[in-house]
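Trainee: 3D model of this:
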Amino acid sequence: METAVVWFRDDLRVDDNPTLADALAAAEEVVPLSVFDPRASGETRYGTEKCGTHRTRFRLENVADLRGSLRERGGELFVRKGHVEDIVPAVARAVDADAVFAQTKPATEELEAEYAVRDALPDSVDFRRRWTHTLYHINDLPTRYDRIDDTFTPWRKEVEDGAAVRDPVPAPETVPAPDSVPSPATLQAASADSPVADVVGDPGDIPTLADFGFDEPPTDDRAVLEFEGGETAGKRRVESYLWEGDHLREYKQTRNRLLGADYSSKFSPWLAAGCLSPRWLHREVQRYEEQRVANEDTYWLVFELAWRDFFQFQFLKHGTDFFAPNGIRDVEKRWDRDRAAFHRWADGETGVPFVDANMRELNRTGYMSNRGRQNVASFLADALGVDWRWGAAYFEERLVDYDVASNWGNWAYQAGVGNDSRDNHFDVLSQAEYYDDDAAYVGAWLPALDGLPPEYAHRPWQMDDDEQARYGVELGIDYPESMIDVEARYAELRNQ
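Mentor: Numbering: from 1, shown residues only. Have a look, this model is predicted:
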């Protein structure tokens, strides 16, 4: 074929990108395209924003880095704003494309967008989708996705025994672009029925945060990492964590810590946006095992990639059931819709220090440790009984590493309505005392409690008036009083 459009979605990379590689193999010229659809922003049905400041900034940096990588190879990334089912077909018509190549994703909104684009294409344009974002390819699963086990461990063992990870596809050396593309005026004259008059011509400006109504997010020296978007930054993080810092050899041992850049890999933002391929990362782990050490810690990173895969395939299997209040198993639960309680949780004002510290870190930096996520989710769903979907939607807004399947799958799991669902809650008090035994984390994010003995930093309600005066902390003024009797609530949960 002469010309192919490559519609980039959450595969914003050139290394191990089968969508790009297959388009380059099939066509003489390619037209890479990134679309900012207004439906990816705005308010959700749960009263949260669909994409907040940190994730929006990260996305803009991802697109800018991809454009730079394509330009280094002689190509260009066309950037447009509008509904994808309008923009992608208009570009395909404008360049007389033979095909559109695109990543396919398992979640419902992403699939609806894909089908809308496919159905709007002229009959002469093929739509060729590629599965690009999991460790194991969907066609290599020992059991079809619609018949896989709903429990992780049996599924993982079956896949480890019966499937292999494909080799990464090398990054292209060149990306041949058309010698010329129609100007906006030419396009308008030739395609009067096009919903977008300037789909091709000027490559287009990447939007700014201000275009989305955001200011620059704050910087904070307590942040575990400055998450810079793009494949270049993602590979730099892998280099720093694996090779320079040599941290993979102790990954499993340290991954539940709370402070600092290197207690865990922090690869998730780049994986979620497709700036890093899990297959490429798997190859780096293999290389590390060959050159440094192979142990349970190095395996555990691959284990976590398998968890990520599991939720992707589960979303294909169960679809919209993941967004139901009682989940994919239709567990009979009644959820409170106490908006005031939800806002105290979201703002880090519950009066329970471990919960509040984690929520304030999330709000300030766009990131929270896995240990923190489990605990704040349990507190909202178990201790407060608030609709878990509100929490999942809030994470969607705030997390720089938001991935629809991982986020909603894990929230459903914690709420007891999803895969491998927990039968018990997390006791955030005992969790805090175990994982933050010196209260350094709580002290970092809750300055009013910094310097308190750990037993008071984690349970400030145990201080009487004299102890509050001694430590200069007045509950209700310097730090909120607990919104519930936590210890009594956990005793109630244990007896259910």
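Trainee: residues touching the closest residue to V79 other than its chain neighbours, list them.
Mentor: Leaving out its chain neighbours, the residue that sits closest to V79 by CB to CB, 6 or more residues apart in numbering is G204, at 3.9 Å. Glycine gets a C-beta too; all of them are placed from N, C-alpha and C. G204 makes contacts with 78-80, as judged by CB atoms under 8 Å, 6 or more residues apart in numbering.
Trainee: likewise R283?
Mentor: 167-168.
Trainee: give me phi/psi at it?
Mentor: Note on R283: its backbone torsions stand at phi -60, psi -40 [degrees, to the nearest 10].
Trainee: how close does it get to L276?
Mentor: Distance of R283 to L276, computed by CB to CB, to the nearest Å: 11 Å.
Trainee: Do you have the strands of this structure handy? List them.
Mentor: In the chain, the strands defined using DSSP state E lie at 3-8, 29-36, 78-81, 99-103, 126-130.
Trainee: so which of these comes closest to R308?
Mentor: strand 99-103 (15.8 Å; CB to CB).
Trainee: other SSEs contacting the closest one?
Mentor: strand 3-8, helix 18-26, helix 84-94, helix 108-120, strand 126-130 (3 or more CB pairs under 8 Å, 6 or more residues apart in numbering; DSSP states H and E).
Trainee: Within its sheet, name the partner strands of that strand and how each one runs.
Mentor: Here strand 99-103 has these sheet partners by DSSP bridges: strand 3-8 (parallel), strand 126-130 (parallel).
Trainee: report the angle between the axes of the shortest one and helix 18-26?
Mentor: Following axes from the mean of the first three to the mean of the last three CA atoms, to 10 degrees, one obtains 130 degrees for the angle between strand 126-130 and helix 18-26.
Trainee: now do the longest one
Mentor: With the same axes, to 10 degrees applied, the angle from strand 3-8 to helix 18-26 works out at 170 degrees.
Trainee: Enumerate every residue touching the most centrally placed residue in the chain.
Mentor: Residue closest to the mean C-alpha point of the chain, counted by CA atoms, centre = their mean, is Y402 at 2.2 Å. The neighbours of Y402, taking CB under 8 Å, 6+ apart as the test, are 55, 272, 395-396.
Trainee: Leaving aside the residues adjacent along the chain, what's closest to T365?
Mentor: Beyond its immediate neighbours in the sequence, the residue positioned closest to T365 (CB to CB, 6+ apart) is A223, lying 4.2 Å away.
Trainee: isn't the one you found right up against M368?
Mentor: No - with contact defined as CB atoms under 8 Å, A223 does not reach M368; the gap is 11.0 Å.
Trainee: Identify the contacts common to those two.
Mentor: E361.
Trainee: Can you get me a residue count around the residue nearest to T365?
Mentor: Counted with other CB atoms under 10 Å, the burial measure for A223 works out to 15 neighbours.
Trainee: Over to it: give its phi and psi.
Mentor: Main-chain dihedrals, A223, degrees, to the nearest 10: phi -60, psi 140.
Trainee: what's the distance between E487 and I328?
Mentor: For E487, the distance to I328 equals 33 Å [CB to CB].
Trainee: The two - which one has more neighbours?
Mentor: I328 (22 against 14).
Trainee: Enumerate every residue touching that one.
Mentor: The contact partners of I328, taken as CB under 8 Å, 6+ apart, are 150, 314, 318, 321-322, 412, 417-419.
Trainee: The same query, at a cut-off of 6 Å, please.
Mentor: 318, 321, 418 (CB atoms under 6 Å, 6 or more residues apart in numbering).
Trainee: Just put those residues in a markdown table and tack on neighbour count and distance to D336.
Mentor: Shown next, in a markdown table, are the contacts of I328 (neighbours: other CB atoms under 10 Å; distance: CB to CB, whole Å):
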| residue | neighbour count | distance to D336 |
| --- | --- | --- |
| H318 | 21 | 25 |
| D321 | 18 | 22 |
| G418 | 25 | 19 |
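Trainee: can you tell me which of those residues are in helices?
Mentor: Under the assignment DSSP state H, the contacts of I328 contribute H318 to helices.
Trainee: now, which of the contacts of I328 sits nearest G229?
Mentor: Of all those, G418 has the smallest distance to G229: 29.4 Å, by CB to CB.
Trainee: Hmm, the closest one is touching A412, no?
Mentor: Yes - using CB atoms under 6 Å, G418 is in contact with A412, at 2.8 Å.
Trainee: shared neighbours of these two, which are they?
Mentor: Residues touching both G418 and A412 by CB under 6 Å, 6+ apart: G327.
Trainee: what residues does stretch 370-385 touch?
Mentor: With CB under 6 Å, 6+ apart as the test, stretch 370-385 has contacts from 256, 336, 341, 345, 355, 358-359, 386, 388, 391, 411, 414-415, 425-426, 428, 431, 435, 489.
Trainee: one more time with 7 Å
Mentor: Contacts made with stretch 370-385 from outside it, assessed by CB atoms under 7 Å, 6 or more residues apart in numbering, are listed as 256, 258, 335-336, 341, 345, 352, 354-355, 358-359, 386, 388, 391, 411, 414-415, 425-426, 428, 431, 435, 484, 486, 489, 493.
Trainee: ditto for stretch 412-427
Mentor: Outside stretch 412-427, the residues within contact range by CB under 7 Å, 6+ apart are 150-152, 314, 322, 326-329, 331, 333, 374-375, 377-378, 381-383, 388, 409, 490, 493.
Trainee: Can I get stretch 93-112 as PDB, trimmed to CA atoms?
Mentor: Extracted in PDB, the C-alpha atoms of stretch 93-112 (Å, rounded to 0.1, in the frame of the first residue of the first chain):
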ATOM      1  CA  ARG A  93      -9.500  10.700   3.500                       C
ATOM      2  CA  ALA A  94      -7.100  13.700   3.300                       C
ATOM      3  CA  VAL A  95      -4.000  11.600   2.600                       C
ATOM      4  CA  ASP A  96      -5.900   9.000   0.600                       C
ATOM      5  CA  ALA A  97      -4.800   6.300   3.100                       C
ATOM      6  CA  ASP A  98      -5.100   2.600   2.300                       C
ATOM      7  CA  ALA A  99      -5.300   1.600   6.000                       C
ATOM      8  CA  VAL A 100      -5.500   2.900   9.500                       C
ATOM      9  CA  PHE A 101      -3.300   1.000  12.000                       C
ATOM     10  CA  ALA A 102      -4.200   1.400  15.700                       C
ATOM     11  CA  GLN A 103      -3.700  -0.100  19.100                       C
ATOM     12  CA  THR A 104      -6.700  -2.000  20.500                       C
ATOM     13  CA  LYS A 105      -7.500  -1.800  24.200                       C
ATOM     14  CA  PRO A 106      -9.900  -3.900  26.400                       C
ATOM     15  CA  ALA A 107     -11.900  -1.400  28.400                       C
ATOM     16  CA  THR A 108     -15.400  -0.300  27.300                       C
ATOM     17  CA  GLU A 109     -14.900   3.300  26.400                       C
ATOM     18  CA  GLU A 110     -11.700   2.500  24.500                       C
ATOM     19  CA  LEU A 111     -13.400  -0.200  22.500                       C
ATOM     20  CA  GLU A 112     -16.400   2.000  21.700                       C
END
